[in-house]
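Engineer: 3D, please:
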Amino acid sequence: MTINGTASKSLDILIVGGGLGGLAAAIACRLAGHNVVVLEQASQLSEVGAGIQLSPNVTRLLRRWGLFEALEPAAVQPGNIYFRRWETGEPIGLTRLVPDFEQQFGAPYWVVHRAHLHESLVNRMKELGGVIHVDSRVTDIDFEARSVTTVSGKTYTADLIVGCDGLKSTTRAIFLGQEIGPAETPFCAYRSTVPMDLLLADPDLRPLVEKPDLSLWIGNQRHVMSYPISGGKTFNMVLSHPDSGSNPETQEELLQEMRDNYVGWDKR
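Structural biologist: Residues are numbered from 1 along each chain as shown. This next block holds a predicted model:
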C-alpha cells in the first residue's frame, strides 16, 4: 500500500533479472520506500542490442525517477517520422514529433542506444541505495517460503519476489509449473548500427541523415526503420522480413541474405 506514492510499510523485495525491466521495477520500488535487491545472472551489468524508442509515457517516467538529465546527452529527440515508399524512398506519410508530442503529452519522444538506457538505470539504482548482485543466476524459488536460491547455493528471502528474467524466465516456469517460452512469429529482423560520420560523408545518404528524423520504408511484408542514437553519433537500422528458417554460417552469407530480401528497394 502506498500513500502519495510512498509506502506506508516498507517491504523487502527481490527482483530476479537486472535488465531494463528489472531495473525499472527496482527504481520504482525504491522510490516508493521499499528495500530492493536485484539478482542478475550475468557476470557484469551490460545491455546488448541497438536502438530503442522511448515514447512520452516512458520519458515522463524518466523525469519522475530522476533519470532524465543523466540520459539526455546520449538521447536524440527526432523531429519527425517519415513513412517512405519502399521502391523510391519517397515520403508517403509524416508524423510530427517536435514540438507536437511534448505539447500534447507533456514529455518528449526520444531514441537512444539500449546500453545507454541500461547504464542510466544502473546508476540511478545505486544512487537510491538499491542492491544489485551479479553472477547470481536463480535456480530455484520457493514462493511459499518467499525464498530464492542461486546457482552458487546462496539463499535470499523477501516479502515479495518479482520475476523480470526475460524470455526464458526461471521465475515464470517455476510459478506456473511449466516452461512457456516466446511464441514463434513468421517474422524476424536484421539489426545494424553504423557510425554516422560514414553516412554524412556519402553525398547520397547525407540528406537522409543530417537531420535527426526517423525514416520508415514500407513494403510487402517488409519494413526498414532507421534513426540516430548515441547523441547522434551512431545510425541505427532495423530490417523486418519474413523468417525463411535459414541459418547463415558466415557474415558474408548473412549480408547476402539481407540484400536478397530487399532487392529493388530504395538504394539508400
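Engineer: check contacts around the residue lying closest to residue 122 once chain neighbours are set aside.
Structural biologist: Leaving aside its sequence neighbours, residue 122 sits nearest to residue 45 (Cβ to Cβ, 6 or more residues apart in numbering; 5.3 Å). Using the backbone N, CA and C atoms, a C-beta is placed for each residue, glycine as well. Residues in contact with residue 45 (Cβ atoms under 8 Å, 6 or more residues apart in numbering) are 18, 118, 122, 132, 134.
Engineer: the second one: neighbour count?
Structural biologist: Counted by other Cβ atoms under 10 Å, the residues lying close to residue 118 total 21.
Engineer: alpha carbons only: can I get stretch 86-93 in CSV?
Structural biologist: Output in CSV follows, covering the C-alpha atoms of stretch 86-93 (Å, rounded to 0.1, in the frame of the first residue of the first chain):
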residue,chain,number,x,y,z
TRP,A,86,9.9,1.0,-50.4
GLU,A,87,11.0,1.4,-54.1
THR,A,88,11.9,5.1,-54.1
GLY,A,89,12.1,6.4,-50.6
GLU,A,90,9.5,9.0,-51.5
PRO,A,91,7.7,10.2,-48.3
ILE,A,92,4.1,9.0,-48.2
GLY,A,93,3.3,9.9,-44.6
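Engineer: residues making contact with it?
Structural biologist: 82-85, 208, 215, 217-220, 222, 264-266, 268.
Engineer: go on, stretch 139-148?
Structural biologist: Here stretch 139-148 makes contact (Cβ under 8 Å, 6+ apart) with 14, 16, 39, 138, 149-151, 155-161, 170-171, 174-175.
Engineer: make it 10 Å
Structural biologist: Outside of stretch 139-148, the residues within contact range by Cβ atoms under 10 Å, 6 or more residues apart in numbering are 12, 14-16, 37, 39, 41, 136, 138, 149-161, 163, 170-171, 173-175.
Engineer: keep only those of these that are in helices.
Structural biologist: Residues from the contacts of stretch 139-148 lying in helices, with DSSP state H as the criterion: 170, 171, 173, 174, 175.
Engineer: buried ones among those?
Structural biologist: Buried by 16 or more other Cβ atoms under 10 Å: 170, 171, 173, 174, out of those.
Engineer: tabulate those (a markdown table), appending pLDDT and distance to residue 249.
Structural biologist: Output for these, formatted as a markdown table (pLDDT from 0 to 100; distance: Cβ to Cβ, whole Å):
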| residue | pLDDT | distance to residue 249 |
| --- | --- | --- |
| 170 | 93 | 31 |
| 171 | 94 | 34 |
| 173 | 93 | 31 |
| 174 | 93 | 36 |
